[in-house]
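Asks: After the sequence you'll find the predicted model.
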Protein chains: 2
Amino acid sequence: MNSTSIKVACSNCNLRELCMPLGLNESEMERVDEVVATRRKVTRGDNLFRNGDKFNALFAIRTGFFKTRISSEDGRDQVTGFQMAGEIIGLDGIVSDHHTCDAVALEDAEVCVMPFDRIEELSREITSLQRHVHKIMSREIVRENGVMLLLGSMRAEERLAAFLLNLVQRLHARGFSQSELVLRMTREEIGSYLGLKLETVSRTFSKFVEDGIVEVKQRHVRILNPDALKLIVNAQTCQPG
Amino acid sequence: MNSTSIKVACSNCNLRELCMPLGLNESEMERVDEVVATRRKVTRGDNLFRNGDKFNALFAIRTGFFKTRISSEDGRDQVTGFQMAGEIIGLDGIVSDHHTCDAVALEDAEVCVMPFDRIEELSREITSLQRHVHKIMSREIVRENGVMLLLGSMRAEERLAAFLLNLVQRLHARGFSQSELVLRMTREEIGSYLGLKLETVSRTFSKFVEDGIVEVKQRHVRILNPDALKLIVNAQTCQPG
DNA sequence: CGACCTATTGACTATAGTCAATGCGCGTGG
DNA sequence: CCACGCGCATTGACTATAGTCAATAGGTCG
């Protein structure tokens, strides 16, 4: 499989501080290595899994960038998240043994395949792994709560500002710039995530540029004034008094 | 505590087919009974927990009706769910050891307190309990995905129709009518959940009444034409060809 | 180099929000 | 038991925001 002879394992993965083995000691991590036995490459545009697929495993993203998406019967669809290195994908499949969303690679990607029954087995033995798995699921619930707040009560500018801040913060945690980012998704995908049409996303970007808050050149974004973005997110339209 | 001498336990709870002990055998259920040692009554309007509270336990709703709500710094808030008997509440607290939302009783309620470290302990021993806990968390993730679709891509009528169908379906699973329900929440709370203003909720109810789809008398709702509701939810504004 | 996908911008429209007035019910207290 | 007050719901008139449709431009990839 691998052309190099270096064993790819959590213990020598630079994402271990963000990913599955977080909080485990050396020997525990070695046991998790056994779980993460296989890898899978996904080409840009391809699905890691689809709605309806049998659920077998969670996936830890090693490289690349994904979107998850659900579709309703009438053809509407909604991007439910964008995932990057170190994040875990596939939790939706546990409840019904089948995935309920699509996971699409937005750039060439590689994931660690973690068979779920192996995870469960190991979490029965390693308390800190058990706790960590629970935290990963809870984090996803809390994240989605935040998206509900965004979709339910924010205006277009607030949504886009929150989106940019969230992306750049996650990228920064992975060693990238705090002020510069390359969007891996189209305006339409951003719009789907934020509950907006692509034209509105585009117009809102233009407004931010006019206001000198960001520089935008297609998918390259430079944040000139992060405080202004934070102000937009937290500013209720107007306040009394 | 209890005025009666009947031991309140999962094994003789009529919600066991919906709640925590689902899928356990007799002896396993008895062990879960130990976990669900304490009960708590919550008066209408009171909080079961608040944003910032230390997380210790999950709660299984025995009777009553709750809403969960998150608030942003600027005072905006968003209802993230309505919970009824047999449903589990508090999963948001696992990730950071503190709750990140408020849980408010919309009517006098009683919950079973399930200390989370006891749940974890027991799921290390009882495989089917472990699996069940994972399913409960995954189910919540999938539910929130659905809400994101609703908030991100549906129009007011579609949102309210989906809301009513979901409520009545859950009530029906608990032995209530398929066509009649009493709303435990105000128009404003429905609106907050659906990302609409209370006036829009009210107007949309009135529209449904005009169209003969439902009867509404304050919080009493009778669904006259469930198929029409389903059609509204699944009908994209218009279809080509 | 050309085709196609993506993004931008403009003009107009639809949908839901805002503000305000009124009405209905329920619960409290006289 | 009735009257009153308050919270909740309804409805109307107007406005704001984002959506739609359409034309154009810019990039990217074969």
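Replies: Arrived safely. Residues are numbered from 1 along each chain as shown, chains lettered A, B, ... in the order given.
Asks: How about the residues of chain A by DNA strand C?
Replies: A:183, A:186-188, A:198-199, A:201-203, A:205-206, A:216, A:218-219, A:237 (Cβ under 7 Å from any atom of the strand). No exception for glycine: its C-beta is placed from N, CA and C like everyone else's.
Asks: Among those residues, which lie within helices?
Replies: The members of the residues of chain A next to DNA strand C that map onto helices under DSSP state H are A:187-188, A:198-199, A:201-203, A:205-206.
Asks: quick one: which of the residues you listed is most hemmed in?
Replies: A:Val201 (23 neighbours; other Cβ atoms under 10 Å in any protein chain shown).
Asks: Quick one: the strands in chain A, in order.
Replies: A:38-42, A:47-49, A:57-71, A:77-84, A:88-89, A:102-115, A:180-182, A:214-217, A:220-223 (DSSP state E).
Asks: Could you point out the member of the residues of chain A next to DNA strand C that lies closest to A:Arg76?
Replies: A:Glu188 (13.3 Å; Cβ to Cβ).
Asks: What residues does that closest one make contact with?
Replies: Neighbour list for A:Glu188: A:198, A:201 [criterion: Cβ atoms under 8 Å, 6 or more residues apart in numbering or on different chains].
Asks: check contacts around the residue nearest the centre of chain A.
Replies: By Cα atoms, centre = their mean, chain A has its centre lying nearest to A:Gln83, at 2.0 Å. Neighbouring residues of A:Gln83 by Cβ under 8 Å, 6+ apart: A:61, A:65-68, A:89, A:103.
Asks: May I see those arranged in TSV, with distance to chain B, neighbour count and pLDDT as well?
Replies: Below are these laid out as TSV (distance: Cβ to the nearest Cβ, whole Å; neighbours: other Cβ atoms under 10 Å in any protein chain shown; pLDDT from 0 to 100):
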residue	distance to chain B	neighbour count	pLDDT
A:Ile61	17	25	96
A:Phe65	19	21	97
A:Phe66	15	26	97
A:Lys67	13	20	97
A:Thr68	8	24	98
A:Ile89	11	21	98
A:Ala103	12	27	97
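Asks: how about these in a markdown table, adding distance to DNA strand D?
Replies: Below are the contacts of A:Gln83 laid out as a markdown table (distance: Cβ to the nearest atom of the strand, whole Å):
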| residue | distance to DNA strand D |
| --- | --- |
| A:Ile61 | 21 |
| A:Phe65 | 14 |
| A:Phe66 | 18 |
| A:Lys67 | 18 |
| A:Thr68 | 20 |
| A:Ile89 | 24 |
| A:Ala103 | 22 |
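Asks: need the residues you listed in JSON lines with distance to B:Ile232, can you?
Replies: Formatted as JSON lines, these follow (distance: Cβ to Cβ, whole Å):
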{"residue": "A:Ile61", "distance to B:Ile232": "38"}
{"residue": "A:Phe65", "distance to B:Ile232": "36"}
{"residue": "A:Phe66", "distance to B:Ile232": "33"}
{"residue": "A:Lys67", "distance to B:Ile232": "28"}
{"residue": "A:Thr68", "distance to B:Ile232": "26"}
{"residue": "A:Ile89", "distance to B:Ile232": "33"}
{"residue": "A:Ala103", "distance to B:Ile232": "30"}
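Asks: Correct me if wrong: A:Val133 contacts A:Ser123.
Replies: Yes - taking Cβ atoms under 8 Å as the definition, A:Val133 is a contact partner of A:Ser123 at 5.5 Å.
Asks: residues from chain A in reach of DNA strand D?
Replies: So far as Cβ under 7 Å from any atom of the strand goes, chain A lies against DNA strand D at A:155-157, A:191, A:195-197, A:199-200, A:217-218, A:237.
Asks: Show me chain A divided up by domain.
Replies: A:10-150, A:154-234 (automatic domain parsing).
Asks: Could I get the average pLDDT for the shortest one?
Replies: Domain A:154-234 comes out with an average pLDDT of 97.
Asks: Let's see the distance spanning that domain from one end to the other.
Replies: 10 Å (Cα to Cα, to the nearest Å).
Asks: mind listing what A:Arg16 touches?
Replies: A:Arg16 neighbours (Cβ under 8 Å, 6+ apart): A:10, A:22, A:29.
Asks: Let me see the backbone angles for it.
Replies: phi -60, psi -20 (degrees, to the nearest 10).
Asks: And it, how close does it get to chain B?
Replies: 19 Å (Cβ to the nearest Cβ, to the nearest Å).
Asks: From A:His132, how far out is that residue?
Replies: According to Cβ to Cβ, to the nearest Å, A:Arg16 and A:His132 sit 12 Å apart.
Asks: ok so, going back, could the strands of chain A go into JSON lines alongside distance to B:Gly45?
Replies: Listed next are the strands of chain A as JSON lines, based on distance: least, Cβ to Cβ, whole Å:
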{"stretch": "strand A:38-42", "distance to B:Gly45": "50"}
{"stretch": "strand A:47-49", "distance to B:Gly45": "44"}
{"stretch": "strand A:57-71", "distance to B:Gly45": "35"}
{"stretch": "strand A:77-84", "distance to B:Gly45": "33"}
{"stretch": "strand A:88-89", "distance to B:Gly45": "38"}
{"stretch": "strand A:102-115", "distance to B:Gly45": "42"}
{"stretch": "strand A:180-182", "distance to B:Gly45": "45"}
{"stretch": "strand A:214-217", "distance to B:Gly45": "44"}
{"stretch": "strand A:220-223", "distance to B:Gly45": "43"}
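Asks: quick one, the longest helix anywhere in chain A and strand A:77-84 angle?
Replies: Of all segments of type helix in chain A, defined using DSSP H, the longest is helix A:127-153. Relative orientation of helix A:127-153 and strand A:77-84, computed by axes from the mean of the first three to the mean of the last three Cα atoms, to 10 degrees: 140 degrees.
Asks: On the pLDDT front, check A:Glu34 for me.
Replies: 86.
Asks: That one: what's it in contact with?
Replies: Contacts of A:Glu34 (Cβ under 8 Å, 6+ apart): A:Arg118.
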